[in-house]
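> model this:
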Amino acid sequence: MATLAELQADLDALRRIRNAGVSRVRYDDKETTYRTDAEITAAIRDVEAQISDLQGATVRTVRFTTSKGL
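Alright, predicted model coming up:
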């Protein structure tokens, strides 16, 4: 499993790629081609989830119930 620093670097790179609007990225001898912005967004969400898991973040849900009091 990747370290927090590695995941953060990956997240920063993905955000730069998305902001630049490129679909093909080459690092050293690796090349990745994204077909759509949705794929980049999904990759960003995946890395963010991995970071949250490493940091022990807790997901909390708030549920509102309303009525007219009748």
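> Can you point out the buried residues in whichever helix in the chain runs longest?
Of all segments of type helix in the chain, defined using DSSP state H, the longest is helix 37-55. Neighbour counts over helix 37-55 (16 or more other Cβ atoms under 10 Å) mark Ile40, Ala43, Ile44, Val47, Gln50, Ile51 as buried. For every residue, glycine as well, the C-beta is placed using N, CA and C.
> measure the fifth one to Thr66 for me?
This means Gln50. For Gln50, the distance to Thr66 (Cβ to Cβ, to the nearest Å) stands at 36 Å.
> got it, and the fourth one?
Applying Cβ to Cβ, the value for Val47 to Thr66 is 36 Å.
> that older thread, out of the buried residues of helix 37-55, which is nearest to Leu4?
Ile51 (6.7 Å; Cβ to Cβ).
> right, and that closest one touches Leu11 too?
Yes - using Cβ atoms under 8 Å as the test, Ile51 is close enough to Leu11 to be in contact (6.8 Å).
> How about the backbone phi and psi for the closest residue to Arg26 other than its chain neighbours?
Of all residues not flanking Arg26 in the chain, Thr32 sits nearest, at 7.9 Å (Cβ to Cβ, 6 or more residues apart in numbering). Phi and psi for Thr32, reported as degrees, to the nearest 10, are phi -130, psi 130.
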